[in-house]
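Trainee: Structure for the following, please:
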Amino acid sequence: QDAITDPVPDGHVPAPATTQIVFETDAGFSFQTDIIRGGFYLRNQTQGTRKWIAATALKPGDSIEIARINPITFRLSKVTA
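Mentor: Next comes the predicted model:
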């Protein structure tokens, strides 16, 4: 809950949440982010999820796995069949 931003009026950018969550990736890097309330998406997309998608060559039909390591750290991995 602490990693979700406070609500803000439409058209405003929310301040960062009090707690940042960490994603360790299978692409050899990690990133910190919070979750934007209302959209429920990760804020740090350029150096986070988008970078990971490019690094793993993720494509339609691929699966991902998000595993909790501890309360604020997760492992983001591409699952190969």
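
Trainee: Other residues contacting stretch 14-32?
Mentor: 2-8, 33-37, 43-44, 47-48, 51-52, 55-56, 66, 69, 72-78 (C-beta atoms under 8 Å, 6 or more residues apart in numbering). All C-beta atoms are positioned from the backbone trio N, CA, C, and that covers glycine.

Trainee: again, 6 Å this time
Mentor: Residues from elsewhere that reach stretch 14-32 (C-beta atoms under 6 Å, 6 or more residues apart in numbering): 2-5, 8, 34, 44, 47-48, 52, 55-56, 72-77.

Trainee: Quick one: low-confidence residue ranges for the chain.
Mentor: 81 (pLDDT under 70).

Trainee: at 80 instead, please
Mentor: 1, 38-40, 80-81 (pLDDT under 80).

Trainee: For it, which segments count as strands?
Mentor: 21-25, 30-33, 35-36, 41-42, 63-70, 73-79 (DSSP state E).

Trainee: Buried ones in the second one, by neighbour count?
Mentor: The neighbour-count criterion (16 or more other C-beta atoms under 10 Å) identifies 31-33 as the buried residues of strand 30-33.

Trainee: which of those lies closest to V13?
Mentor: The nearest member of the buried residues of strand 30-33 to V13, counting by C-beta to C-beta, is T33 at 14.4 Å.
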